[in-house]
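A.B. asks: sequence? don't have it. structure:
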């Protein structure tokens, strides 16, 4: 079958790979109809990880089941399903408690597995004609009758919508509260979408790209353009000097200060300042334990010069980590189904699988207007 | 009346000061019978803060009400009461939600007030013959009939017992879980006492002082002597390499590494390593927004070289800040009353008020055996 | 001053009463500008309670502070404030935990106090030119600059909006879930408004009055007309036979079955049937410990023939009681301020104080179109 | 193999049945070494259910794995395991959220499955030489090295220990609170054990049997003998007239009043009275949707004359249902392992499988001293 594979830094191709197939009786094979390129794919694309040559990309996947193993009870051939990017077994201590992003079974020796991802186990990605899904009964989210009609919304349940939602959960957003979201990439926009659905009173989105800030505004958020103002001052000014009730980090370790300099502590230290005393901060932007390619000494070791004193003095809390997609995907699916959530609104490009190499190039270059790319293997 | 006052770095005296009196109709005046010296008093004693000359020390206070203002309804003359170290108004947004350590009224311009404390408002301390208690109906914890008999237990409700308890709440300790506590000072020991009362399965206490480690063991905890082993390796070894479910920081910004070098990131980075993925970390050791006297450049600015990458990768959470004493003091009082908690077990010295200057000297010098000093103004 | 007073069953008048005044240093006096008639006023109006002759009605109150006592710190003369219907002291065990509807101080011997209410303490009501507010710093909700412009929205923060919100909290509504609300009176409508603000996927409202069902629909809910269908069957049919995730009881002990017969178990037993196994039920409709006037033997004793077996077998939970208004009123105020909540949409009549007797008559007769009456004492 | 089978009302025998075997690739077969008789087995024994002739009893099971299916990854031959009485699939909406007592897969058409139980699916029980365990990776709790040494403690993880624990969770017990437990049968005693482990200040246990009350006292609880006092009055007297913070129902629909008359509302109405306003009530005593054999008219329909008015007026909550064993069994296992829990203390008889018929007779007759029977199939 055809798949988007990694050939080395900034080199991808659409090539033939062995067909996805049932390897264990708990597997299913899903024909891919929609599969997204994610910002985190770029870490691998750029060669900053140990992603192996020949691996298939793609962890935001949706399609139709074409085969199930002998031990699969719930999922049937023909079902339309969306796959959470993180793969869980369903029976380890973490999966049991709903922490499916930290499965202790699927990627032995660490906590957490995913499709087509460096360091997240041997699983192939879904930017391909088909995908093998382990523990299919546990990992497949069944979709309702409008699966195909709303395919571009439902595919967002694989990652960015639950991930944005998770940011607001980690921060502890309650209805009526104020929230500041740093970063208006796809996940930050989904965090804004989530906070608004939950009834936040005012949602601020901090970024420095016009197109993203406009999207934030169209979702009902208040854009804060950090090229034109100091975001901390702006947020304090909007909240009687107290700071917002909650804050979300949706950028990650490559975050830049107002002058565009990569400074891994910028968003976190800004959040400590712009969040009120006793407030909560949720972090879903990716930070990594080591980053040898970084220019900053601390950053090389995965460390940052964090304002821990101010953080403690304000009695804040920080909760972190990748989303446990399954904790939210049923309820978010229902919101899409009744039309109260529409995460597809941020898609900028719908392309065929063959167009993937070109899409990676544009997306990696942060070319204007390339906010979110959706690939259609079957088209 | 007589009171322990600050005369400059490492200089205290027992001197005459104006009598505590009703200043507002919501006040009470309490005759002090037991008042403790706290480790945090030493920050002021050592002159590392802006504590004013002539101020009265003491935020761990218990005594008998001798006068109440015209607007006081609940508290009566003759009541035995213990006073939370933090002073709340009872009606601001934070007090309303139980966050009484972050009162927005009592110390305008910041969040949080306390008796006899630098930067925590104009309130005098209780190392004196009497104490003025603002918003007395809100701030006084009434004690039962055995108030005098168990005075040395009940006085711990003012600070260290709820503060130790808070560490375990911030970390999210559940019955049956494993907990690592860094620091076996009075608060760390109270955190261990708390975790054991709550039904933790195994509680590890990390320290480098024999007497403290022995106290920890006598409370039912497992001592980890960091002079003899690397605490992270020891804790991982005891937990199948996964780390403890929860961790508590009970040292603060002056924490030292295994070689006795002050390294403000030592406990936090150790906690990230020795706590399992998805685990919780509670921080009640004090960290401060700036520390001009520190030798380390980052520490001067209140920053630390924090392992944020590992912290994020493990999906942990950190919750911080001083204890909201009133959130726990009723229930902890009840546990003392029925004999299921006995926080006085860590007291090493019971002294008269006049002996305070000498006690400060020994306590500041960390002289062996001076774990906890209780002053008896009335004796 | 003029006030609406109770003269016996179905007899009210606007009469002169002694002026509201400062009685304790913690009091404030508020000039009433908007004060509502509530469905629960009718219990007293109809003479089914021990409400004393001469008492002033009114527990849904908003106005401007005209005087404060010597111990009042936060509230100032001139402030616009909305008063929670339940009066708390701020310092008892229940108020401390946010359970301000169950204050142990204000109405000694029981838990809970309110303005102008039978059995809820000696406090006069606010259907008058002015109101005495006890513990003013604790009980007054300060309103922002648009206080007068949005007075008809903000007044709903005194009772029905937080009470409807409370129903959804008691039931445990999460975003994306389905909710059934029994009763489309003002509180039921506010419960629907609340569930929708919180992001429920589908909100069903069960009632038998056209005008109310239309209002429910205009709020975004799905009306279920129990004259035309069995509500349990309808709800099961809409949820694949499983039942809704959550259910709210917003009618109370005088609820009627489909044939209009008063049957105090009707809504509760229907909720057990129409709520899914493991689901949550919130009850804010009033049920009373005895009802001598009831025709049913069990109802006289405050009992009902409850389907406890089915309730247990389904592993459901029920949470009950009046709203702790202060737990929500700040955040709901903020939602009104930014325009994301608009509880005034259910007002049918805005009248002068003098028109109160006539309004009571129409409201008590459930005359068509009299959904919610707002009185304007100053007009 | 040999098994304890049902031959009709009050007739059981140890007979040969087909060997337990792998039926699906996700199954395991466990050789039974310890299996208990439970109070709920008596409902079937007495013929008050639709339990089929020839079915094997036993839902409290522990043993060693002798075979696993092709799709079983975690559990290996030779593992010592304890089996939760309720069988979950691990992937339905309820299992995913930890509500494994309400699995939607294992017993289609209802929520919840169990071994050897009327109405809980076709699964055989474990009072036999071996047991088939469905979804073995999900349902087996692995035991540590002391599995055999502490077998009589670990077997209680199958049901009564987590069920007693669940009662305290449903009631919302916090450290330092007071708790009243109605019923000192095995589950009530385990609820007392649980509340004490969690740090409750005072735990009252209400019953009318000397041997049970003595066991309660030996666990650290305060016995309340309802033959000698009215339990409601006694509990109010012990709590300043306010009632206990929490209450647990551990009897069920066959509960009797002080005079020994079966009155299905007795414990619930007593709990409403003896629990404080705003308090929580947890119900794990079994109540059933219909009970044709009951003498009371309401009871026949599964209804009770419940004091709903008082319940609402006090703003209490009730949470119900069978324990989701997997939510607690890992942590409770750890407490047994370190010696902080010892549920075997209530065992009165350890017998061979052949002695089961005699044991059922004595246990059903409530013969003095027959508190808990453990069968040893292998002995």
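C.D. replies: It's in. Predicted, not measured: the structure shown is a model, and the values here were computed from it.

A.B. asks: How about the contacts made by residue A:88?
C.D. replies: A:94-95, A:100-101, A:103, A:105-106, A:113, A:135, A:138-139, A:326 (CB atoms under 8 Å, 6 or more residues apart in numbering or on different chains). The C-beta positions use only the backbone N, C-alpha and C, and glycine is treated the same way.

A.B. asks: Compile those residues into a markdown table and extend it with columns for secondary structure and neighbour count.
C.D. replies: Shown next, in a markdown table, are these (DSSP: H, G, I helix; E, B strand; the rest coil; neighbours: other CB atoms under 10 Å in any protein chain shown):
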| residue | secondary structure | neighbour count |
| --- | --- | --- |
| A:94 | helix | 22 |
| A:95 | helix | 25 |
| A:100 | helix | 29 |
| A:101 | helix | 29 |
| A:103 | coil | 27 |
| A:105 | coil | 21 |
| A:106 | coil | 25 |
| A:113 | coil | 26 |
| A:135 | coil | 28 |
| A:138 | helix | 27 |
| A:139 | helix | 27 |
| A:326 | helix | 23 |
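
A.B. asks: all helices in chain A, in order from the N-terminus.
C.D. replies: With DSSP state H, the ranges of helices along chain A come out as A:39-45, A:93-96, A:136-139, A:151-154, A:160-171, A:186-197, A:210-218, A:231-238, A:266-274, A:297-300, A:308-313, A:329-337, A:356-364.

A.B. asks: by how many degrees do the fifth one and helix A:266-274 diverge?
C.D. replies: Read it as helix A:160-171. 40 degrees (axes from the mean of the first three to the mean of the last three CA atoms, to 10 degrees).

A.B. asks: any bit of helix A:160-171 sitting next to chain D?
C.D. replies: No: using CB under 8 Å from any CB of the partner chain, helix A:160-171 never reaches chain D; the gap is at least 13.7 Å.

A.B. asks: in that helix, what's buried?
C.D. replies: A:160-171 (16 or more other CB atoms under 10 Å in any protein chain shown).

A.B. asks: Endpoints of stretch A:135-155, how far apart?
C.D. replies: 19 Å (CA to CA, to the nearest Å).

A.B. asks: do the same with stretch A:174-186
C.D. replies: Using CA to CA, the two ends of stretch A:174-186 sit 22 Å apart.

A.B. asks: what's the model's confidence in that stretch, averaged?
C.D. replies: Stretch A:174-186 shows a mean pLDDT of 98.

A.B. asks: Would you check the distance separating it from the middle of the chain?
C.D. replies: Relative to its parent chain, stretch A:174-186 has a centroid offset of 15 Å by CA atoms, centre = their mean, to the nearest Å.

A.B. asks: before we move on, what about stretch A:165-174?
C.D. replies: That offset, for stretch A:165-174, works out to 14 Å (CA atoms, centre = their mean).

A.B. asks: what sits up against that stretch?
C.D. replies: A:179, A:181, A:187, A:190-191, A:194-195, A:198, A:200, A:245-250, A:280-284, A:317, A:319-324, A:327-328, A:332, B:317, C:331.

A.B. asks: Please narrow those residues to those residing in strands.
C.D. replies: Counted as lying in strands by DSSP state E, out of these, are A:179, A:181, A:245-249, A:280-283, A:317, A:319-320, B:317.

A.B. asks: Looking at these, which is nearest chain C?
C.D. replies: Nearest to chain C out of those is residue A:245 (CB to the nearest CB; 9.1 Å).

A.B. asks: wait, that closest one sits on residue A:179?
C.D. replies: Yes: using CB atoms under 8 Å, residue A:245 makes contact with residue A:179 at a distance of 6.8 Å.

A.B. asks: who's more crowded, the two?
C.D. replies: Relative neighbour count places residue A:179 above the other of residue A:245 and residue A:179, with 32 against 25, counting by other CB atoms under 10 Å in any protein chain shown.

A.B. asks: Now do the contacts for residue A:256.
C.D. replies: So residue A:256 contacts A:262-263, A:266 (CB under 8 Å, 6+ apart).

A.B. asks: Make a PyMOL selection of the buried ones in these.
C.D. replies: Restricted to buried positions by 16+ other CB under 10 Å, the PyMOL selection for these reads:
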select buried, chain A and resi 263+266
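
A.B. asks: Let's have the contacts of residue A:256 in a markdown table, adding pLDDT and distance to residue D:312.
C.D. replies: Converted to a markdown table, the contacts of residue A:256 look like this (pLDDT from 0 to 100; distance: CB to CB, whole Å):
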| residue | pLDDT | distance to residue D:312 |
| --- | --- | --- |
| A:262 | 92 | 59 |
| A:263 | 95 | 57 |
| A:266 | 98 | 53 |
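
A.B. asks: got the contacts of residue A:256 as a markdown table, with distance to residue C:47 columns?
C.D. replies: Output for the contacts of residue A:256, formatted as a markdown table (distance: CB to CB, whole Å):
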| residue | distance to residue C:47 |
| --- | --- |
| A:262 | 75 |
| A:263 | 72 |
| A:266 | 68 |
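
A.B. asks: Got the domain ranges for chain A?
C.D. replies: Residue ranges for the domains of chain A, per automatic domain parsing: A:2-159+A:325-376, A:160-320.

A.B. asks: which of the ones you listed is buried the deepest?
C.D. replies: domain A:160-320 (a mean of 23; mean count of other CB atoms under 10 Å in any protein chain shown).

A.B. asks: roughly how far is it from the heart of the chain?
C.D. replies: For domain A:160-320 - counting by CA atoms, centre = their mean - the centre lies 15 Å from the chain centre.

A.B. asks: Which residues of the stretch 51-200 of chain A lie near chain C?
C.D. replies: A:174-178, A:197-199.

A.B. asks: right, I mislabeled it, should have said the stretch 251-379 of chain A
C.D. replies: Looking at chain C, the residues of the stretch 251-379 of chain A close enough under CB under 8 Å from any CB are A:328, A:330-335, A:337-338, A:340.

A.B. asks: how about the residues of chain A near chain D?
C.D. replies: Close to chain D, as judged by CB under 8 Å from any CB, chain A has residues A:24-26, A:69-71, A:73-74, A:89-93, A:96-98, A:105, A:137-138, A:326, A:330.
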